[in-house]
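A.B. asks: Sequence first, predicted model second:
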Amino acid sequence: MTTISDFLVPDHKRCDDLFAAAEAAAAEGDWDGATSGFALFRAALLHHFAMEEEVMFPAFETRTGMRQGPTAMMRNEHRQMTGMLGQMDKAVTGKDANAFLGDADTLLILMQQHNVKEEQML
């Protein structure tokens, strides 16, 4: 039987790897690599959010009857992280390493906290 963790853990790892590659490229001043790497990461993370919000969260809510519980909080976290993606996009477009790496640090903390909740609660 496939579990939610069977999907979440490898997808979190995939997003983490793409994130690390984009961050490393920006730190090295490789703006072509940072731009393409960030685009791949952003697409992967937004796809991950969509799968959760369109498939996993509704299934969890139907099964548990909880609509204002953990999934509501996780949707809010998705909005926060999407906002960070917008800031990072501006930083990578402007080739602003300090802004990009600062925003990346914030996003990393948000993602780590979010991933633990998903993997343990859902």
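C.D. replies: Ah, there it is. Numbering: from 1, shown residues only.
A.B. asks: Give me the most central residue, this protein.
C.D. replies: By CA atoms, centre = their mean, the chain has its centre lying nearest to residue 45, at 4.3 Å.
A.B. asks: That one touches residue 84, doesn't it?
C.D. replies: No: assessed by CB atoms under 8 Å, residue 45 is found out of contact with residue 84, at 10.0 Å. Quick note: C-beta positions are derived from backbone N, CA and C, even for glycine.
A.B. asks: how about low-confidence regions in this protein?
C.D. replies: Applying pLDDT under 70 to the chain flags residues 1-5, 122.
A.B. asks: if we can go back for a sec, near the residue lying closest to the residue nearest to the centre of the chain once chain neighbours are set aside, how many other residues are there?
C.D. replies: Nearest in space to residue 45, with sequence neighbours left out and distances taken as CB to CB, 6 or more residues apart in numbering, is residue 15 at 5.2 Å. By the criterion of other CB atoms under 10 Å, residue 15 has 20 neighbours.
A.B. asks: same deal with the one 5 residues further on?
C.D. replies: Residue 20 is surrounded by 14 other residues when neighbours are defined as other CB under 10 Å.
A.B. asks: Same question for residue 93.
C.D. replies: Using other CB under 10 Å, residue 93 has 12 other residues around it.
A.B. asks: mind listing what it touches?
C.D. replies: By CB atoms under 8 Å, 6 or more residues apart in numbering, the contact set of residue 93 is residue 35.
A.B. asks: separation between it and residue 31?
C.D. replies: Residue 93 sits 9 Å away from residue 31, going by CB to CB, to the nearest Å.
A.B. asks: what sits against residue 100?
C.D. replies: Residue 100 sits next to 23, 26, 34, 88, 91, 92 when contact means CB under 8 Å, 6+ apart.
A.B. asks: at 6 Å instead, please
C.D. replies: Residues in contact with residue 100, defined by CB atoms under 6 Å, 6 or more residues apart in numbering, are 26, 88, 91, 92.
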